[in-house]
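Undergrad: Below is the sequence, then the predicted model.
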Amino acid sequence: MPSAPLSDILVPWYRQFARDLPWRRDGFGAWGTLVSEFMLQQTPVARVIPLLEAWLARWPTPTDLANAAPGEAVAAWANLGYPRRALWLHRAAVEIRDRHNGVVPREVDQLLALTGIGDYTARAVAVFAYGDHHPVVDTNTRRVMARALSGRAHPGAAHKRDLEQMAALLPDDRAESALMNAAVMELGQVICTARSPKCGDCPIRDACAWVAAGSPATEDTRRKQAKYEGSDRQARGAVMKALRAAAPDPLPRAALLVDWHDLEQRERALISLENDGLIEPDGELVGLPTR
DNA sequence: TAAGCGTGGAG
DNA sequence: TCTCCAAGCTT
């Protein structure tokens, strides 16, 4: 006898237990969804929420952001991390203003063409903002699928194939399929977590291949994060933190990383930040980008 | 394809 | 204390 589709279990579970998050409220809008997705790329929900609300109050439309200086966006990004995302979000806003009459596009191909938007974010906007029928695959989704469908403890490297695997789990109905995408992500975030999954609370444990196999500790092929202490990233972070604090004023080049012991690394950080467009030299001064 | 890219909370 | 990890994207 065939078992019920997972969506028959997960969609009702999601309706009952989904957390009340700002971007899930009615009328949040495509721009709000887009900004939230940029901020949520590798940054935890709790840190995003307050900054997201401030961001949208300041720049309620893509055109509002596009008309601001990129450095304002970088400064407002505050401690969200990966400040290139602020720059990319600003560029995407400019592209939306110039190519889409200030309206966040609905088509996945058009979304993918925007700066800083990849397979996940494009489909997240199309599905969560516009309610269209696409598979949305993030790291939570891939972990849930690895366990429930493949019986592995960890997902492998991201692959296009993941989209097809998720698409096969979606019900035909558009609204239901959007909920299923959200439900799988939610399950991965609150139940089927990376470190200590709460299998006792899982609504699909009876259908889970990993549980059925005895929850084996299978090989973890994920790439380990490079050491942060003493890294170039840490040096870049220190520069950006100082410039955010001084903004909108620039700082003397000599004042940046003044305590940094490794002068070569200091130069490397400044050069790479300039190459990324995150800082702008102006004689002896260095500031956030003005255009 | 794999490396590079921030920040801070949780276990 | 310290390692792990968090709604990825670009090159």
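TA: Ah, there it is.
Undergrad: Mind pulling the model confidence for the closest residue to A:A209 other than its chain neighbours?
TA: With C-beta to C-beta, 6 or more residues apart in numbering as the criterion, A:A209 has its nearest non-adjacent residue at 3.6 Å, and that residue is A:G151. Just so you know, the C-beta spots here come from the backbone N, C-alpha and C atoms, and that holds for glycine as well. A:G151 is assigned 96 on the pLDDT scale.
Undergrad: For DNA strand C, see how far away the residue sitting nearest the centre point of chain A is.
TA: The residue lying closest to the centre of chain A (C-alpha atoms, centre = their mean) is A:Q41, at 1.6 Å. Note on A:Q41: its distance to DNA strand C, by C-beta to the nearest atom of the strand, to the nearest Å, is 4 Å.
Undergrad: wait, that residue sits on A:Y82?
TA: Yes. Using C-beta atoms under 8 Å, A:Q41 is in contact with A:Y82, at 7.3 Å.
Undergrad: if we can go back for a sec, wait, what's in contact with the residue nearest to the centre of chain A?
TA: A:Y82, A:R85, A:Y120, A:T121 (C-beta atoms under 8 Å, 6 or more residues apart in numbering).
Undergrad: Any residues of the stretch 101-250 of chain A in contact with DNA strand B? List them.
TA: Residues of the stretch 101-250 of chain A lying close to DNA strand B (C-beta under 7 Å from any atom of the strand) are A:157, A:195-196, A:223, A:225-226, A:228, A:231-234, A:236-238, A:240-241.
Undergrad: Out of those residues, flag the one nearest to A:V35.
TA: A:M240 (19.8 Å; C-beta to C-beta).
Undergrad: Can you dump the C-alpha atoms of stretch A:191-205 in PDB for me?
TA: Extracted C-alpha coordinates of stretch A:191-205, given in PDB (Å, rounded to 0.1, in the frame of the first residue of the first chain):
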ATOM      1  CA  ILE A 191      13.300  19.900  14.100                       C
ATOM      2  CA  CYS A 192      15.700  18.300  11.600                       C
ATOM      3  CA  THR A 193      18.600  20.500  12.700                       C
ATOM      4  CA  ALA A 194      22.200  19.900  11.800                       C
ATOM      5  CA  ARG A 195      23.600  19.100  15.200                       C
ATOM      6  CA  SER A 196      21.000  17.500  17.400                       C
ATOM      7  CA  PRO A 197      17.800  16.700  15.500                       C
ATOM      8  CA  LYS A 198      14.700  16.500  17.600                       C
ATOM      9  CA  CYS A 199      13.400  13.300  15.900                       C
ATOM     10  CA  GLY A 200      11.000  12.700  18.800                       C
ATOM     11  CA  ASP A 201       9.100  15.800  17.700                       C
ATOM     12  CA  CYS A 202       9.300  15.100  14.000                       C
ATOM     13  CA  PRO A 203       6.000  14.700  12.100                       C
ATOM     14  CA  ILE A 204       7.600  12.500   9.400                       C
ATOM     15  CA  ARG A 205       9.900  10.300  11.600                       C
END
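Undergrad: Please point out which parts of that stretch sit buried.
TA: By 16 or more other C-beta atoms under 10 Å, the buried positions in stretch A:191-205 come out as A:I191, A:C192, A:P197, A:C202, A:P203, A:I204, A:R205.
Undergrad: Which two among those are spaced furthest apart?
TA: Pairwise over the buried residues of stretch A:191-205, using C-beta to C-beta, the maximum falls at A:P197 and A:P203, 12.8 Å.
Undergrad: Overlap of the contact sets of the two?
TA: A:I191.
Undergrad: what comes up buried for stretch A:206-224?
TA: Buried, per 16+ other C-beta under 10 Å, within stretch A:206-224: A:A207, A:C208, A:W210, A:V211.
Undergrad: Could you check how far the last one is from DNA strand C?
TA: Okay, so that is A:V211. The value you get for A:V211 to DNA strand C, if C-beta to the nearest atom of the strand is used, is 18 Å.
Undergrad: Over to that residue. Which of the three states is it?
TA: Counting by DSSP: H, G, I helix; E, B strand; the rest coil, the backbone at A:V211 sits in helix.
Undergrad: Hmm, it is touching A:G200, no?
TA: No. Between A:V211 and A:G200 there is no contact under C-beta under 8 Å: 10.4 Å.
Undergrad: Now do the residue in the stretch 101-250 of chain A positioned nearest to DNA strand B against A:L243, distance only.
TA: Taking C-beta to the nearest atom of the strand, DNA strand B has its nearest neighbour within the stretch 101-250 of chain A at A:G237, 1.9 Å off. Relative to A:L243, A:G237 is positioned 11 Å away (C-beta to C-beta, to the nearest Å).
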